[in-house]
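J.: only geometry, no sequence info:
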């Protein structure tokens, strides 16, 4: 592999997040986005014009010998088909979450990647951000002792309130657990290690939703997946985590994640963001401590949605360095099994054992050269 020239990238999907991916990747000197494709040609042309890319067909992108990595930003039900085509074309793949909408899809993609000696990565990558890496360092230093329990609260009114095309969030592969839940579940696994078993309850609160944003304002969405899921995750470490994910809550005052340890409590940043406030209350103390974030990767390019795409850059850096990448398919697969187990548990009214596992990703050093991860 050429480790001197930047890796050329093709992006499939020119939706809301695509411009942020390009802006983030172009912060690194070892990666350059070359081309973009979308089934809606005008959308691809708009992003291409903004960044000086080529708007091409998917066939042309996959046949381009210069392109080594495909980034899959399509809707969840398309992830499997696009990633499979790219892997079979001999390209490394980094996908938005989830890896697939079923365990069978995700397992097949991982098998193809292994057979082809290709890298396969999957968002979310927010745990690489400075705020969460600070949380990891404080946890590993034992500041709050052994984790007893935690709460993870993702409570939203629903994507029809802000997204221009929200219907797919309420179809197969959508819902709060598979759409936003990956940020929470992945972050907790990266911090605490793998999950042993889960128990869940789920419901569809309203079978129809009205779109409240242009250009589809007033349209009716049929809801096909649970919109409110609550449950418990039992980790191999012994920690018992209560999680709630909902598109049915108008407003709340919960912190997104609180970790309760034998020596104190830690409030972590929103798992949907790369940084944010970190607070600790230590046993014997009198007040909460704000811990300044002193790790890299806290802000993206102004005007874009944070540092989305950081995981793809980390994967390329890992590939060039010959080390495992942190935002791995194994981590995504384990998180997917955990998330899909909640609904299976709700249907059976039984505890569901988790059969997959993964290691905790290596932390990013506190002091690391700009544009690197080791």
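T.: That came through fine. Just so it is clear, the structure is predicted and the values come from calculations on it, not from any experiment.

J.: all helices for this protein, in order.
T.: Along the chain, the stretches classed as helices by DSSP state H are 18-25, 41-51, 58-63, 76-88, 103-115, 130-140, 175-179, 181-192, 310-321, 329-348.

J.: got the contact list for residue 362?
T.: Listed by C-beta atoms under 8 Å, 6 or more residues apart in numbering, the contact partners of residue 362 are 324, 326. Yep, even glycine has a C-beta here, placed from its N, CA and C like the rest.

J.: residues touching the most centrally placed residue in the chain, list them.
T.: When the chain is reduced to its mean C-alpha position, the closest residue under C-alpha atoms, centre = their mean turns out to be residue 124, at 1.4 Å. Under the criterion of C-beta under 8 Å, 6+ apart, the neighbours of residue 124 are 97, 182-183, 186-187, 271, 311, 327.

J.: what does residue 300 give?
T.: Applying C-beta under 8 Å, 6+ apart to residue 300 gives the contacts 20, 23-24, 27, 274, 306-308.

J.: ok, residue 186 touching residue 328?
T.: No - the pair residue 186 and residue 328 fails to qualify as a contact (C-beta atoms under 8 Å) at a distance of 10.6 Å.

J.: so if I had to pick from the two, which one is more boxed in?
T.: A direct count of neighbours by other C-beta atoms under 10 Å for residue 186 and residue 328 places residue 186 higher, at 27 against 21.

J.: and residue 208, how far is that from residue 251?
T.: For residue 208, the distance to residue 251 equals 22 Å [C-beta to C-beta, to the nearest Å].

J.: for the contacts of residue 124, which one is nearest residue 71?
T.: If you rank the contacts of residue 124 by distance to residue 71 using C-beta to C-beta, residue 311 comes first, at 9.9 Å.

J.: what number of residues lie near the closest one?
T.: With neighbours defined by other C-beta under 10 Å, the count for residue 311 comes to 27.

J.: one step back: find the nearest non-adjacent residue to the residue nearest to the centre of the chain, please.
T.: For residue 124, the nearest residue in space outside its immediate sequence neighbours is residue 183; the separation is 4.7 Å by C-beta to C-beta, 6 or more residues apart in numbering.

J.: enumerate every residue touching the one you found.
T.: With contacts taken as C-beta under 8 Å, 6+ apart, residue 183 has the following neighbours: 124, 126, 154, 271-272.

J.: switch the cut-off to 6 Å
T.: Residue 183 makes contacts with 124, 126, 271-272, as judged by C-beta atoms under 6 Å, 6 or more residues apart in numbering.

J.: will you turn those residues into JSON lines that also has pLDDT?
T.: What follows is these, written out as JSON lines (pLDDT from 0 to 100):
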{"residue": "124", "pLDDT": "97"}
{"residue": "126", "pLDDT": "97"}
{"residue": "271", "pLDDT": "97"}
{"residue": "272", "pLDDT": "94"}
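
J.: could you turn the buried ones of these into a ChimeraX selection?
T.: Selecting just the buried residues from the contacts of residue 183 in ChimeraX takes one command, with 16 or more other C-beta atoms under 10 Å as the test:
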select :124,126,271,272
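
J.: pretty sure residue 146 sits against residue 262.
T.: Yes - under the contact definition of C-beta atoms under 6 Å, residue 146 touches residue 262, with a separation of 4.7 Å.

J.: hmm, residue 61 is touching residue 35, no?
T.: Yes - applying C-beta under 6 Å as the test, residue 61 and residue 35 come out as touching, 5.3 Å apart.

J.: next, show the common contact partners of the two.
T.: Taking C-beta under 6 Å, 6+ apart as the contact criterion, the common neighbours of residue 61 and residue 35 are residue 10.

J.: ok, residue 49 - how many residues close by?
T.: By the other C-beta under 10 Å criterion, the neighbourhood of residue 49 contains 10 residues.

J.: look up how far residue 55 lies from it.
T.: Taken as C-beta to C-beta, the span from residue 49 to residue 55 is 8 Å.

J.: next: residue 313.
T.: The span separating residue 313 from residue 55 equals 22 Å under the rule C-beta to C-beta.

J.: so for these two, which residue has more residues nearby?
T.: With other C-beta under 10 Å as the criterion, residue 313 and residue 55 differ in neighbour count, and residue 313 comes out ahead with 28 against 18.

J.: OK, contacts around the more buried one?
T.: Residues counted as contacts of residue 313 (C-beta under 6 Å, 6+ apart) are 25, 28, 31.

J.: do that again at 10 Å, thanks
T.: 7, 9, 21, 24-28, 30-31, 94, 125, 128, 297, 307, 327, 371-373 (C-beta atoms under 10 Å, 6 or more residues apart in numbering).

J.: just the buried ones from the residues you listed?
T.: Burial by neighbour count, 16+ other C-beta under 10 Å: within the contacts of residue 313 this picks out 7, 9, 21, 24-28, 30-31, 94, 125, 128, 297, 307, 327, 373.

J.: of those, which belong to strands?
T.: Secondary-structure check on these using DSSP state E: residues within strands are 7, 9, 31, 94.

J.: farthest pair in the contacts of residue 300?
T.: 23 and 274 (13.6 Å).

J.: so which bits of stretch 36-43 are buried?
T.: Neighbour count says stretch 36-43 has 36-38, 43 buried, by 16+ other C-beta under 10 Å.

J.: spatially, which two of these are the most separated?
T.: When those are compared pair by pair using C-beta to C-beta, the two farthest from each other are 37 and 43, 9.8 Å apart.

J.: pLDDT score assigned to residue 86?
T.: Per-residue confidence at residue 86 stands at 98 (pLDDT).

J.: wait, residue 23 sits on residue 299?
T.: No - using C-beta atoms under 10 Å, residue 23 is not in contact with residue 299; the gap is 11.6 Å.
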